[in-house]
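In: I'd like to go over a predicted model; first the sequence, then the structure.
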Amino acid sequence: MQTPSLIQVSAPPSVNGASPPSSAEPAVPNGESLPATQNPAAVRPEGLPEQFWDEKAGFKQKEFIEDYNNLAKFKTDQDKVLGEIPKEPAGYVLGDNLVPEELAKELPAGAEVTLDENSPLLLGARDILHKHQASPALFQELGKLVIGEQLKAHIASEKAHADFVSAEDAKLGGNAVARKAAVSGFLKGHLGEEIAKAFSFDGPSRNATSAQIEALEKLAQKFSTQGNVVPLQQKREDTPPPPAPKPLAERKMAEHG
């Protein structure tokens, strides 16, 4: 005896006698493959970045290989840089040829440029670049840039000073060098060589104006006309000191003598 059923399930009618499609094999017209959006197997693998996946085409192999090669090259280059970083900040060195070629020709013949190893700027730059694991090549580029700028300022200052000296010498006439030498000798004789250096009539720190030279020439001429031509230092050594004053009692006796 069968249990009565409230429903009945029957197969759909066939079309032109064809069998209905099986539930295990989805119906696809003309044997075409399912698009990726309908294909249960076309799912982005876990962990694969989204930029390497296309919902229709699937895995973007070409883009993945290109990105991988770029990443591998970056890591190789970075490993090389890390291998060159010194263990201590003092390991950063600027090397030779501190003076840029375009500035070397503007320096005076025989001038030497040396590095101050105790410069706060140099020590600070070493500490900062080492802290950030910068390459020695970057340190050299930045160091030579700073040196170049400082040299430019030095050259400009020297040129301005040379122009000043030339202009003041022109005011003194063709015998400017001899006039300054005479004034310098006068000051050295009366004040001593160390004090006379403060006037800087010669040497790299020359800064006397033509007006100062002329004023000192008049002073030297006045000393000469008064017969006071003995150098002051010599006078101090050769002239005996004045006699000491006599005691008061002796002076009183002399007055009533």
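Out: Everything's here; your move.

In: so where's the protein uncertain?
Out: Low-confidence segments of the chain, defined by pLDDT under 70: 1-41, 200-205, 226-257.

In: now the helices for it?
Out: 61-84, 101-104, 120-131, 136-172, 176-191, 193-196, 210-225, 232-238, 248-256 (DSSP state H).

In: Which of these sits closest to G47?
Out: Shortest separation from G47 across those is recorded for helix 61-84, at 12.4 Å, computed as CB to CB. All C-beta atoms are positioned from the backbone trio N, CA, C, and that covers glycine.

In: so who does L219 touch?
Out: Residues in contact with L219, defined by CB atoms under 8 Å, 6 or more residues apart in numbering, are F186.

In: One more pass at 10 Å, please.
Out: The contact partners of L219, taken as CB atoms under 10 Å, 6 or more residues apart in numbering, are V183, F186, L187, H190.

In: number of nearby residues for the second one?
Out: Taking other CB atoms under 10 Å as the neighbour definition, F186 ends up with a count of 20.

In: repeat for the first one
Out: Using other CB under 10 Å, V183 has 22 neighbouring residues.

In: residues contacting the closest residue to it other than its chain neighbours?
Out: Leaving out its chain neighbours, the residue that sits closest to V183 by CB to CB, 6 or more residues apart in numbering is L216, at 4.7 Å. With contact set as CB under 10 Å, 6+ apart, L216 has these partners: R179, K180, A182, V183, S184, F186, L187, F199, F201, A208.

In: Please determine how far L216 is located from K131.
Out: 56 Å (CB to CB, to the nearest Å).

In: Just the endpoints, please. Distance across stretch 169-180?
Out: End-to-end distance for stretch 169-180: 9 Å, by CA to CA, to the nearest Å.
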